[in-house]
Every structure is written in structure tokens, then in C-alpha cells.
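In: below are the sequence and a predicted model; questions follow.
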Amino acid sequence: MADPHPERAPGPVREDKRSFLQKLVEFINPGPDSRDELIETLADAEDNEVIGAESRVMLEGVLRMADMTAGDVMVAAPRMDLIDIDSPYDELLHLVIDTAHSRFPVYEGDKENIIGILLAKDLLKLQRSPELNIRALLRPAAFIPESKGLNDLLREFRGNRNHLAIVIDEFGRVAGLITIEDVLEQIVGEIEDEFDEEEDEGDIFGLADHTYRVSGDTPLERVAEAFGIRFTEEQESEDFDTIGGLVAHEMGHVPKRGERHAVGGFDFVVMHTRGGAVRWFKVSPARGDDAAD
């Protein structure tokens, strides 16, 4: 009768090549047991010049991203730039130019009814063939829950070649959108564009025509000091501390490129937006009635 519990044949024994000193160090100082400890270890590695600062930041981003979801980094629904399927070509073209996005969710009737994604480059096909139906240019829209982990989402983005997904809340409503760039920025930091300036170049600087370019995230205190603006108590008491937040609040909607708003005797004209927020204003002294405000 066969032995029900036969002895296993011994496998090859791996030689422990660690020195006695290495074993002793690892016994006294064991490796990290949590993500926080691992991040502290990365900081120590940077201090000891084992890795560079940029490498540490990226590795920390990868670790922290494991706990993040689409809802954490999405562009909220009120800040989404949407296209109405029934909009005329000229209106579509202006929206593409003003926002500088490459992809747009397209809705029909109600903004909750997103029927596809339009690539900005596909509008060139409409220009060459005006009789072409815009519906034929739409790409399928990907829908994901707010709870979708960023690691899984990045894997899906790479697998299906989609670079934008519509985020749905627990009630099935559109909560926002997220792009592959939003995910990658959690690892590498903000991906700069041609309108971004180095931090040491400042957030307010003069232009050749004697106007000024002002970053939308410039603190109100900095704007007040630069232009001698005295903000009202109401303006200073609101729940925002940047000039972009103040202008958006007073306008009552997300500012679009080319829109103008007077603040403290100065005209703030929106030059560039990104992610539903103003990136740059062009500022000049207000004229007429606005100058007296």
C-alpha cells in the first residue's frame, strides 16, 4: 500500500549569500512594514544620495496612487467642457480653440446624456466635407465609477487606447471626467504646457503693450499689492484666496477664453483655461464705468 504521506524530495537549497554583518543589520533594522515606512525609507535613500529627488517624488506618487480613485482627481461635472451634438460647426470650432482640449464629451438633449467623444482633429473632416454627419465622427465614451482605482484605470487606458473616461456617481449621474494626463500627473507631477512658467519667473509680469499677464492661481494679496487693489470685506471673506477663484465666483460660471471681468478698476481678460480653471489673465486698467468700480 502506498504511503499516503510520502516524503517530498528535497529541492535545491539556495545559498544565503548575505554576510553576517548584513544579517545582523537586517535583524536590528528590518525593512518597512507599511507604505508610510516605505516612503520614509525613500526619503532616507534620497538623503544618502542613493536616488535623486525626482526619482523619489515619482516613486512616492506611484505608492500613493495605489490608494486613489477616479473621484479623487477627476474634473467635476460643472467644470466639464461639453459639446452639444446639435451645435453648428462654427460654434464647435470656437469651443475647441477657446479651451485647447483635444477631446470633448458630446451630449444630446440633456447634459447627462453623453453619447460619445469627439476628437478635435476630427473637426477637420467636417471642414473638408460639410455634408458629413458629426455623429459619424464620435468615438465610444468609456464610463467608470467614482470608486475606480487609478492603478486599474491607468491599465485600462493603456489597454483600450482611450485617453478620457466619464466618471459616474453612485446614483448613475455624471460626476465628472478624467483623462490619462490626470492619472499620470499623480506620478510625475503637473504636465506643463506652453502657457506654464517656471516658479521663479513669477505669477505677474509685464507685457510689451504695457498690460500684464497674471496667473489664475495668484493669491489675492499678491494681486492687491501689485495693482493697488483694495478688495471688499465680502470678497476677502469668501471661500477662495486666488484671483481666478474670485473672478469665477463673481461671474457666476466657469470663465471662458476671451471673457472680461472688472476687478478694482482693472480689466481681467481670460487668456487661457485648463481643467475648468483660468490659467492666465491679461490685465489692463479698466475704461469707462468699470474704472470707477
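Out: Received, thanks. Remember, predicted model here, so these are calculated numbers, not experimental data.

In: how about residue 66, phi and psi?
Out: When read as degrees, to the nearest 10, the backbone of residue 66 gives phi -60, psi -20.

In: which residue packs closest to it, ignoring adjacent ones?
Out: Ranked by C-beta to C-beta, 6 or more residues apart in numbering and with sequence neighbours excluded, the top spatial neighbour of residue 66 is residue 151, at 5.8 Å. The C-beta positions use only the backbone N, C-alpha and C, and glycine is treated the same way.

In: what about the one you found, how many residues nearby?
Out: 14 (other C-beta atoms under 10 Å).

In: my read is it is in a helix, agree?
Out: Yes. Residue 151 forms part of a helix when assessed by DSSP: H, G, I helix; E, B strand; the rest coil.

In: wait, isn't it in contact with residue 65?
Out: Yes. Using C-beta atoms under 8 Å, residue 151 makes contact with residue 65 at a distance of 6.4 Å.

In: doesn't residue 107 make contact with residue 113?
Out: Yes. With contact defined as C-beta under 8 Å, residue 113 reaches residue 107; the gap is 5.3 Å.

In: tell me which stretches of this structure form strands.
Out: Using DSSP state E, the strands of the chain run over 75-76, 83-84, 103-108, 110-119, 143-145, 164-168, 174-179, 204-206, 212-215, 260-263, 266-274, 277-285.

In: just checking, what packs against the second one?
Out: When contacts are defined as 3 or more C-beta pairs under 8 Å, 6 or more residues apart in numbering; DSSP states H and E, strand 83-84 packs onto strand 103-108.

In: pLDDT weak spots in the stretch 101-250 of the chain?
Out: For the stretch 101-250 of the chain, the stretches with pLDDT under 70 are 189-202, 207-209, 237-238.

In: at 80 what do you get?
Out: For the stretch 101-250 of the chain, applying pLDDT under 80 flags the ranges 126-132, 161, 186-203, 206-210, 233-240.

In: can you map out the helices along it?
Out: With DSSP state H, counting those that start in this stretch as the criterion, the stretch 101-250 of the chain has helices at 123-128, 150-160, 180-188, 220-227, 233-237, 243-251.

In: the fifth one: which residues count as buried?
Out: Spelled out, it's helix 233-237. Within helix 233-237, the residues that count as buried by 16 or more other C-beta atoms under 10 Å are residue 235.

In: identify the residues contacting it?
Out: With contact meaning C-beta atoms under 8 Å, 6 or more residues apart in numbering, helix 233-237 is reached by 220, 246.
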